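Undergrad: Prediction below, plus the sequence it came from.
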Amino acid sequence: METSIIISGFGGQGTLFAGQVITYAAMAAGKEVTWIPSYGPEMRGGTANCTVVISDNRIGSPLVLNPTIVIAMNQPSLEKYESLVAEGGYLIANKSLIEKDFSRSGINSYFIPANELAAEIGNMKMSSMLLTGAMVEITGILSLDQIKTALENNLPARHKKTLPMNFQAIDKGAEYIKELAAEKAK
């Protein structure tokens, strides 16, 4: 089975970092993985995205035309990638920075107020980890523990003090999805 993920947003939102954490978690799980970052000349505030491909078998190409999963951290990312999500795939969007609603049918769409939820934790920079936790809960491609272990094992020493907050963000994203599912089940 092969899963392709595009994470896109403004530079500085943690899009590339989230992709790296997912990549490390998949590698530790024994999967074949590729990670390709892409960003404009303005690293902070310009657009940034990365593509992660996770597979049980060798990966033929790291390039993705129709991703299985898109995490859109802002309006331009939603506009660029919504139409490209594979039929039956997943679109997870940061409702905090997106003004329009989803227009696409045939995919599983989730609007998550990531900035507001991250602010509840005490740091808006945690929105990418929050959306990563939501993505894992929605898709089950990895476990929350695998993501947390990858984060702990690969976070630079100077940032280790942020581990508890990152873990809290991952859990909060997953919990938000559980709450959505409970509401739908009513």
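TA: Here it is on my side, so go on.

Undergrad: Quick one: residues contacting A134.
TA: When contacts are counted by Cβ atoms under 8 Å, 6 or more residues apart in numbering, A134 touches I92, Y110, I112, G173, A174, Y176, I177. In this view, the C-beta of every residue, glycine as well, is placed from N, C-alpha and C.

Undergrad: just A25 next, same as before
TA: L142, Q146, I147, T149, A150.

Undergrad: Those residues in helices, which ones?
TA: Q146, I147, T149, A150 (DSSP state H).

Undergrad: I'd like these as TSV, with neighbour count appended.
TA: Shown next, in TSV, are those (neighbours: other Cβ atoms under 10 Å):
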residue	neighbour count
Q146	18
I147	25
T149	16
A150	21
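
Undergrad: Select, from these, the two members most distant in space.
TA: Greatest spatial distance in the ones in helices among the contacts of A25: I147 and T149, 7.4 Å, computed using Cβ to Cβ.

Undergrad: In helices only, show me the contacts of A134.
TA: G173, A174, Y176, I177.

Undergrad: Need the per-residue pLDDT for the residue nearest to the second one when sequence neighbours are not counted.
TA: Closest residue to A174 apart from its sequence neighbours, by Cβ to Cβ, 6 or more residues apart in numbering: E137 at 3.9 Å. In this prediction, E137 carries a pLDDT score of 97.

Undergrad: ok, now which ones touch I36?
TA: Residues counted as contacts of I36 (Cβ under 8 Å, 6+ apart) are C50, T51, P62, L63.

Undergrad: related to what we said a few turns ago, just the C-alpha atoms of the strand or helix carrying the residue nearest to A174, please, in PDB.
TA: Remark: E137 resides in helix 127-139, with elements defined by DSSP states H and E. Extracted in PDB, the C-alpha atoms of helix 127-139 (Å, rounded to 0.1, in the frame of the first residue of the first chain):
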ATOM      1  CA  SER A 127      -0.600  24.000  14.700                       C
ATOM      2  CA  SER A 128       1.400  21.800  12.400                       C
ATOM      3  CA  MET A 129       1.800  19.100  15.100                       C
ATOM      4  CA  LEU A 130      -1.900  19.500  15.900                       C
ATOM      5  CA  LEU A 131      -2.900  18.800  12.300                       C
ATOM      6  CA  THR A 132      -0.400  15.900  12.200                       C
ATOM      7  CA  GLY A 133      -2.100  14.400  15.200                       C
ATOM      8  CA  ALA A 134      -5.500  14.900  13.500                       C
ATOM      9  CA  MET A 135      -4.200  13.300  10.300                       C
ATOM     10  CA  VAL A 136      -3.000  10.200  12.100                       C
ATOM     11  CA  GLU A 137      -6.300   9.900  14.000                       C
ATOM     12  CA  ILE A 138      -8.300  10.200  10.700                       C
ATOM     13  CA  THR A 139      -6.200   7.900   8.500                       C
END
